[in-house]
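1. Sequence first, then the predicted structure:
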Number of protein chains: 2
Amino acid sequence: MKKRLLITYLIDLLKLGAGDRLVKAPTIYISHIFGLSQQSTSRVLTELSDLGYIHKEIRDGTVWVILTDRAMEELEMFFKYIDGARKYPGEFIFEGEIVKGLGEGAYYMSKPGYKRQFYRTLGYEPYPGTLNVKLSEPLMITQNKVLRKMKGIYIKGFRDESRTFGSVQVYPAIIMEKLEGAVLYARRTIYGPDIIELISEYYIKGELGLKDGDIIRFKVKLSENY
Amino acid sequence: MKKRLLITYLIDLLKLGAGDRLVKAPTIYISHIFGLSQQSTSRVLTELSDLGYIHKEIRDGTVWVILTDRAMEELEMFFKYIDGARKYPGEFIFEGEIVKGLGEGAYYMSKPGYKRQFYRTLGYEPYPGTLNVKLSEPLMITQNKVLRKMKGIYIKGFRDESRTFGSVQVYPAIIMEKLEGAVLYARRTIYGPDIIELISEYYIKGELGLKDGDIIRFKVKLSENY
DNA sequence: ATTACTAAAAAACGAGTAA
DNA sequence: TTTACTCGTTTTTTAGTAA
């Protein structure tokens, strides 16, 4: 069964008070909450138990359940997601750890072919270098994959004497609620979906007093154009 | 498709910012958020549109969506439910309008066969009369159906000279955060699931300064025994 | 590039029912 | 009373593909 559906059932059980104690949960009346038949309800509870989301036992022939820590973690993540959707609709908020890049960002950012286009679309020439952020939460990684697919501001690739440079996309971002910058996605990249790259007019770490290993937060607000 | 599942998709769209403006939502990348294939995503968006939850249009070959008022109402209800589950797990909070009953409550409540048992289980003899509350929100009505099924404190039926009196169940409740009382469910009742009956040691309306037509709130905390 | 139809496979569902 | 199995039916899903 799909996880997002399982979670809605966990919410129902949480509401019954199963978050911190065993509660009586006869399938025949839980079925009214779940909106399923008694049989399907039994099946769902068994599946939740098999997946380690609930502890289920039968006393005097009726089911009692309590949510596991695993379920509570899953619920917390879901609630966090919902809170974000309610409070900051249209915003992608990221949090991750600053990691050392390979230094190749500086090389690319200094190419006039990119610099001109950045100036035209973002209003400034970026500092020659990118800041790499390592995402660890699964939610962040999904968000990164999705944002990448959305095709923000398109920066065309070009070729100089020696080689070709691929196209990139950028999304204006606010870093640590202070500094303007942008998320940068290179068409061809060596990084996986757990790394996200930032650029700005200024040297980000210096400007914000941060160093490698520090936690950094930033948000991308989706514009009307993408 | 099940409503609870539809709502999770609406939350995803809300997060994208579709709550107040048309947002670009190409099925191929929305599919990453939904956790479905491109084809299923297309089908889900079509269904959401058919059900009146989103307005969907195609510009230059890609889908743009905006949530309808109907969807926002549905989401608000869901959020309210979740907030309740998080803040008051194990509690059933009711809100409804005080309505005039048929006066038959007073007759039943004055029967010694019931009075003795109420005293033993609730610790007091109830005021001879019941307060009828009319529930209008669908969530409240569902909650009422569920609570009724849960079998709280069991009060046995009995017979006197003339007739038999059916069994009832009660759940201790706190009325308007002040007055102790109980929800009463008669085994045989003439009321539908949109009416819920309250009893208390005192005359509830008098004690709380309420009259017919006023809004009343109360909560039932599920005990460890049911 | 998209969207979304068709068709076949997979998953979920509930009635009947045993324990 | 319960729970939960079997099994036939319905619903949901995705690959392939046309537009």
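-> Everything's here; your move.

2. quick check: domain ranges of chain A?
-> The domain map for chain A lists A:3-73, A:90-221, with the assignment taken from automatic domain parsing.

3. can you list those in CSV and add mean neighbour count?
-> From N, CA and C alone the C-beta is placed, and that goes for glycine too. Shown next, in CSV, are those (neighbours: other Cβ atoms under 10 Å in any protein chain shown):
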stretch, mean neighbour count
domain A:3-73, 17
domain A:90-221, 16
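
4. among those domains, which is nearest A:K80?
-> Closest to A:K80 of the domains of chain A is domain A:90-221 (Cβ to Cβ; 7.5 Å).

5. And A:Y154, how close does it get to A:E224?
-> Distance, A:Y154 to A:E224, using Cβ to Cβ, to the nearest Å: 16 Å.

6. if we can go back for a sec, distance to DNA strand C and mean pLDDT added to the domains of chain A, as TSV?
-> Shown next, in TSV, are the domains of chain A (distance: least, Cβ to the nearest atom of the strand, whole Å; pLDDT from 0 to 100):
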stretch	distance to DNA strand C	mean pLDDT
domain A:3-73	3	95
domain A:90-221	7	91
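
7. possible to save the ones you listed as a markdown table with distance to chain B?
-> A markdown table is the format used below for these (distance: least, Cβ to the nearest Cβ, whole Å):
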| stretch | distance to chain B |
| --- | --- |
| domain A:3-73 | 2 |
| domain A:90-221 | 2 |
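
8. Between those domains, which one is closest to B:K56.
-> Here domain A:90-221 is closest among the domains of chain A (Cβ to Cβ), at 17.6 Å.

9. start to end distance for the closest one?
-> By Cα to Cα, to the nearest Å, the extent of domain A:90-221 from end to end equals 6 Å.

10. Could you tell me how far it lies from the centre of the chain?
-> Distance of domain A:90-221 from its chain centroid, counting by Cα atoms, centre = their mean, to the nearest Å, is 16 Å.

11. what does stretch A:38-55 rub up against?
-> With contact meaning Cβ atoms under 8 Å, 6 or more residues apart in numbering or on different chains, stretch A:38-55 is reached by A:1, A:6, A:9-10, A:13, A:18, A:22, A:25, A:27-28, A:30-31, A:34, A:36, A:56, A:63, A:65-68, A:70-71, A:74.

12. same thing but at 7 Å, please
-> Identification of contacts with stretch A:38-55 by Cβ atoms under 7 Å, 6 or more residues apart in numbering or on different chains yields A:1, A:6, A:9-10, A:13, A:27-28, A:30-31, A:34, A:36, A:56, A:63, A:65-68, A:70-71.

13. quick one: which of the residues you listed sit in helices?
-> Among the contacts of stretch A:38-55, the ones falling in helices (DSSP state H) are A:L6, A:Y9, A:L10, A:L13, A:T27, A:I28, A:I30, A:S31, A:F34, A:R70, A:A71.

14. how about these in JSON lines, adding distance to B:S110?
-> Formatted as JSON lines, the ones in helices among the contacts of stretch A:38-55 follow (distance: Cβ to Cβ, whole Å):
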{"residue": "A:L6", "distance to B:S110": "50"}
{"residue": "A:Y9", "distance to B:S110": "44"}
{"residue": "A:L10", "distance to B:S110": "45"}
{"residue": "A:L13", "distance to B:S110": "40"}
{"residue": "A:T27", "distance to B:S110": "38"}
{"residue": "A:I28", "distance to B:S110": "34"}
{"residue": "A:I30", "distance to B:S110": "37"}
{"residue": "A:S31", "distance to B:S110": "37"}
{"residue": "A:F34", "distance to B:S110": "40"}
{"residue": "A:R70", "distance to B:S110": "52"}
{"residue": "A:A71", "distance to B:S110": "48"}
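
15. Remind me which helix or strand the most centrally placed residue in chain A belongs to.
-> In chain A, the centroid-proximal residue (Cα atoms, centre = their mean) is A:M140; its distance is 2.1 Å. Element membership for A:M140, per DSSP states H and E: helix A:138-149.

16. Next, the angle from that helix to helix B:27-34.
-> Angle between the axes of helix A:138-149 and helix B:27-34 is 170 degrees (criterion: axes from the mean of the first three to the mean of the last three Cα atoms, to 10 degrees).
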